[in-house]
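S.K.: requesting a structural model of the entry that follows:
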Amino acid sequence: MRPVSGTLAEARTLTDVTERQIDGCELWSGVRAGDAIAFETLYAELSDPVFGFCLRRTGEWETAQDCTSLVFLEAWRLRATLRAESAGLAWVFGIAHNVVRNTTRAKRRHRSLLQRLPLGVLTDDVEGDVAARVDAKAEAARVLVAVDRLPENERDVIALSLSSELTYEQISMALNVPVGTVKSRLSRARMRLRDALQTELPAPATPPGAPATTRKPATNLGPGEAP
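M.R.: Below you'll find the model as predicted:
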């Protein structure tokens, strides 16, 4: 099997050159059976939505990239657990939910250990490296900050809603909660986000030497739905 750590363009090229088209039930059956072409197709189709979900949940570009790779590695490892083709999307995003949760917990433990270190252990080089990773896209940063301030259960549903085309039923399967709970959490999350983005949430500072810009708050919080 080709490693899933390659670029999306590489994965798309691989699936374009093959004469075999795999979609729908055949795709999920192939994934469950360990078919490499089916899995490459799955990666090409879902790596962007999965990355978007991971980015909204972690707020860090590099961490989201790492999580995305882990999601597809886990999907390959757990392929035999995919029971029903109709539940394929929920299965993938359920794995993504678990990967992000475990990664976030590990990062919290790491930060806790760092806080116990004596002053001066963290060098300027480390601090500069962290600063260099900050995403300069102001609007994306505003949304990520607002999402991060939501309660955890609301962050999960809003991230799945924004990052994929999952139905309420598929989100409920991914998170293992009732559909009614998904709807109520999503409604509350959208209202909180709209309020946060329209009121006092500060935009990130403009980098030195960059022209100042004025951006309107993003209010499109879901595909075709009002909060």
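
S.K.: in the chain, which ranges drop under the pLDDT threshold?
M.R.: Along the chain, the model assigns pLDDT under 70 to residues 1-24, 85-86, 106-143, 162-165, 200-227.

S.K.: what segments of it are helices?
M.R.: 8-17, 24-33, 36-58, 61-77, 88-115, 124-132, 138-148, 152-163, 168-175, 179-198 (DSSP state H).

S.K.: return the residues in contact with the nearest residue to Leu42 once chain neighbours are set aside.
M.R.: Among residues not flanking Leu42 along the chain, Val31 sits closest, at 5.6 Å (C-beta to C-beta, 6 or more residues apart in numbering). For the C-beta atoms, the positions are set from N, CA and C on the backbone; glycine is no exception. Going by C-beta atoms under 8 Å, 6 or more residues apart in numbering, Val31 touches 38-39, 42, 75, 79, 82, 88.

S.K.: repeat that for Ala146.
M.R.: 192-193, 196-197, 201.

S.K.: gap between it and Thr199?
M.R.: Distance, Ala146 to Thr199, by C-beta to C-beta, to the nearest Å: 10 Å.

S.K.: same question for Thr58.
M.R.: Counting by C-beta to C-beta, the gap from Thr58 to Thr199 is 24 Å.

S.K.: ditto for His97
M.R.: 29 Å.

S.K.: who has more neighbours, those two?
M.R.: Neighbours per residue, other C-beta atoms under 10 Å: of His97 and Thr199, the larger number sits with His97, 22 against 8.

S.K.: for that one, which residues are in contact?
M.R.: When contacts are taken as C-beta under 8 Å, 6+ apart, His97 is in contact with 156, 160, 174-175.

S.K.: now it: how far from Met173?
M.R.: 11 Å.

S.K.: one more: Leu193?
M.R.: For Leu193, the distance to Met173 - C-beta to C-beta - is 24 Å.

S.K.: what's the answer for Ala96, then?
M.R.: 13 Å.
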